[in-house]
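[1] Fold the following and give me the result.
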Amino acid sequence: MRKTGLLLALAAILFGTALFVATLFVVGTAHADEVRLKDLGRFQGWRENPLVGYGIVTGLSGTGDSPRNEVTRQALKNVFGRLGITVTPEQVQSRNVAVVTVTANLPPSASVGDRIDVTVASSGDARSLAGGTLLMTPLMGPDQQSYAIAQGSLVVSGYRFDADQNRRQKNFPTSGVLPGGATVERTVDANLGVQEGAVTFVLRQGDFTTVENAARNINSMLGSARASVLAADRIRISTQGWAESFNSLLSRVENVRVQPDDLARIVVNERAGTVVAGGGVRISNVVIAQGDIKVSVSIDNTASQPNIYGGYVRDAGGLIVTNTRLDVDEERNAVLRFPDATVADLAQGLARAKVPTRTMIDILQAMKAAGALHAEIIVQ
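    Residues are numbered from 1 along each chain as shown. Take a look at the predicted model:
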C-alpha cells in the first residue's frame, strides 16, 4: 500500500467526506470492563503529603557547582560548622559538591521508621550528579515541620563528559533518585472527613453515569441505601447503624465492582507521534482516497575548465553546464468506504496504509472540524 497524500485527504474532507489513517495507533476496547471502585478514586482525606528540603551532594568528580556559586559555598560552610569545622565561604573552592533540592511524597499510612523514595535535583550550575552522595537532609511539609530525613548514594540514569570544548551527554544527569533513601520520622494521621456520620468517596474523573453506577452497586453490596450521589465526582456513604467495624465498611466500598462509562476521547502526542483512542469512538460515513502524484526535479551542474597543451589558461573562465531532469510519478488511486464505523474498525482496516503519524494528526483535526469525528481531541 502506498502512502496517502495530505492534499488529497483534505480535499476529501472538503467534499463532505472524512479520511483517517494511522501508523502507530492504540485502540481501547469497545466497552470498559468492570473495575474496583478504589481504582477510580479515593476517600476524601486519604492522600499523600508532599515533602521538600535542600541539601548537599558530595563525592562528585569535578562536575559539581562552580566556586562562584555563593549558595553552595554557604551551605557547605553550614555543614562544616555543624561538624565542628570552622571555615569561611571564601575557603570553599571545590567542584566536588553541589547544592540540591530534595522532594518526596509521604504516604497517608506511613509509620515511623518506614522508608520512602526521594528525588534529587541540582539547584546550582553542576554538570552532573553521577557518583554523588546526599548528606543528611531533613524533609519538611507545608507546616514547616520535619517529617523525614534523607541520605544516601544517588542513582543517576545519565552522564555528561566535557573535554576540549566537546561534550557527550545522555539524558539529564543533573537529577537522580534515592530508592528508599528517606526514613519517616513523623507520621500524618489521615483524616477521612467523617462528617454527620458519613464518609465521602471522590472519583478521579467526574462522570454522572459512572457515579450513578457506583452508588447503585454500593447499595447492592451493602444491602441498604447507604450511598447517595452528591455531585458528578462525589458519593456520600452513611456509617450510621453499621454493625461491623469502620474499616470493614471502607473495605467493602472500595472493592465494589463498577463499570465506568466510556469517554469519546482521542489523545494525540505530537512529540512522540502517537495516538490513543477508545474503541467505541464513532465516526460518520468515511471515504478514504489513496493516491498521490509525486514530482521530482533534479539539477546537475558540471564545469569544464579550458586548457592547452602543457597547462591551463590562467585568465580563461570555466564553462558551467546545467542539466535539469523532471520526473512525474502518478500512483494508482484506491478508494475505501467505511459506513458507520468506529475508530477500532478504521485502525484495523487501514493498518496497511503506512501513512506517517504526523500526517494523520493533521487529518484527525480536520475530521473534527468537518464534524465527521464524534470525539474530543486532546493534543499534548
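[2] how many other residues sit next to residue 150?
    25 (other Cβ atoms under 10 Å). To be clear about C-beta, it is placed using only N, CA and C from the backbone, and glycine gets the same treatment.
[3] again, but for the one 5 residues further on
    The burial metric for residue 155, expressed as a neighbour count using other Cβ under 10 Å, is 13.
[4] Surely it and residue 180 touch.
    No: using Cβ atoms under 8 Å, residue 155 makes no contact with residue 180, being 10.9 Å away.
[5] Break down the stretch 151-300 of the chain into its strands, ranges please.
    159-163, 166-170, 175-184, 198-203, 227-231, 234-238, 257-258, 265-269, 274-277, 286-290, 293-304 (DSSP state E, counting those that start in this stretch).
[6] where among the ones you listed is the average confidence lowest?
    Among the strands of the stretch 151-300 of the chain, strand 286-290 has the lowest mean pLDDT, at a mean of 55.
[7] what about residue 78, helix or strand, and which?
    helix 70-82 (DSSP states H and E).
[8] Restrict that helix to CA atoms and write it as PDB.
    The C-alpha coordinates for helix 70-82 follow below in PDB (Å, rounded to 0.1, in the frame of the first residue of the first chain):
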ATOM      1  CA  GLU A  70      27.700  31.500  46.700                       C
ATOM      2  CA  VAL A  71      24.700  29.400  47.800                       C
ATOM      3  CA  THR A  72      26.800  26.200  47.600                       C
ATOM      4  CA  ARG A  73      29.700  27.700  49.500                       C
ATOM      5  CA  GLN A  74      27.400  29.000  52.300                       C
ATOM      6  CA  ALA A  75      25.600  25.600  52.500                       C
ATOM      7  CA  LEU A  76      28.900  23.800  52.700                       C
ATOM      8  CA  LYS A  77      30.100  26.200  55.400                       C
ATOM      9  CA  ASN A  78      27.000  25.400  57.500                       C
ATOM     10  CA  VAL A  79      27.600  21.700  57.100                       C
ATOM     11  CA  PHE A  80      31.200  22.000  58.300                       C
ATOM     12  CA  GLY A  81      30.000  24.200  61.100                       C
ATOM     13  CA  ARG A  82      27.700  21.500  62.400                       C
END
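[9] residues in contact with that helix?
    54-56, 64-65, 67, 86-90, 92, 94, 97-99, 123-124, 135 (Cβ atoms under 8 Å, 6 or more residues apart in numbering).
[10] Please tell me how far residue 75 sits from residue 241.
    58 Å (Cβ to Cβ, to the nearest Å).
[11] between these two, who's got more neighbours?
    The neighbour count for residue 75 versus residue 241, taken as other Cβ under 10 Å, is higher for residue 75 (24 against 8).
[12] in the stretch 51-200 of the chain, which segments are predicted with low confidence?
    158-171, 193 (pLDDT under 70).
[13] quick one: the nearest residue to residue 147 once chain neighbours are set aside and residue 284, what's the gap?
    Once flanking residues are discounted, residue 147 sits nearest to residue 186: 4.7 Å by Cβ to Cβ, 6 or more residues apart in numbering. Here residue 186 is placed at a distance of 59 Å from residue 284 (Cβ to Cβ).
[14] The two: who's more crowded?
    A count of neighbours by other Cβ under 10 Å puts residue 284 above the other of residue 186 and residue 284, at 17 against 12.
[15] Leaving out chain neighbours, which residue sits closest to the more buried one?
    In space, residue 284 is closest to residue 372, 4.5 Å off (Cβ to Cβ, 6+ apart).
[16] Is it correct that that neighbour is in contact with residue 282?
    No: Residue 372 lies out of contact with residue 282 (Cβ under 8 Å); the separation is 10.1 Å.
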